[in-house]
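# Give me coordinates for this.
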Amino acid sequence: MASRLTLATLQRVAFLLVAVAAVAGVVVATAPPSGRAEEGAAASPRSAREVRGPTPYLPVANEPPPKPFVDDALPDGLPQGIVWIQYRTENCRLLPVFGEEALKLSPRVCHLHVRVDDLPWLWADASDSNTVDIGGMPPGDHKVKIDLVDPTHHDIPGQSRTVKFTVPKTAAPAH
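Take a look at the predicted model:
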């Protein structure tokens, strides 16, 4: 008798779980959108050219000057001594293409030079990964300078951004 009672109880619990899941599904499906989804629903779709820029198969007449857009350091990694800085560019493609001949390409190609705390060295980033990632930063105030440069490693005038941030004194070393 005890095993039948247990089976019946399990069946009732299973039925109740299915019923709750069904009600939750109806609530989610009929709830009005909110936040970003609502904003995006009102906007018309953007073309591939608007989002990605011009095709690389045709030259661009009268190319506007390239611009970098660099965000503040994301706070999430700072307690571990990790710095993430997101970026994007307009009017240039970040590609590992270098040299005098690359200056003739259209649409234009560029890359980034990244320098930490005015140290005498830097690194070139042509990955277009969307985020500069630096680990092992010691506690204290720091700055990262991001320069948009041409394929011959020359700065594009006025296209440099500096991000300042503080790694907390309690930061655990990143490995």
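# rest of the way, CA atoms for contacts and neighbours
Will do.
# Next one: S47 relative to P54, how far apart?
11 Å (Cα to Cα, to the nearest Å).
# let me fix that: E63
E63 is 10 Å from P54, by Cα to Cα.
# Residue for residue, what is the longest strand this structure has?
Looking across the chain with DSSP state E, the single longest strand is strand 155-167.
# strand partners of that one, parallel vs antiparallel please.
The strands beside strand 155-167 in its sheet (DSSP bridges) come out as strand 140-149 (antiparallel).
# and the strand it pairs with, how far out from the chain's middle?
Chain-centre distance of strand 140-149: 17 Å, with Cα atoms, centre = their mean, to the nearest Å.
# May I see the buried residues of that strand?
144-149 (16 or more other Cα atoms under 10 Å).
# ok, of the residues you listed, which one's closest to V114?
I146 (4.7 Å; Cα to Cα).
# how about the closest one, what does it touch?
112-115, 160-162 (Cα atoms under 8 Å, 6 or more residues apart in numbering).
# Kindly recompute the last result at 10 Å.
By Cα atoms under 10 Å, 6 or more residues apart in numbering, the residues touching I146 are 68-70, 85, 87, 112-116, 122-125, 132, 159-163.
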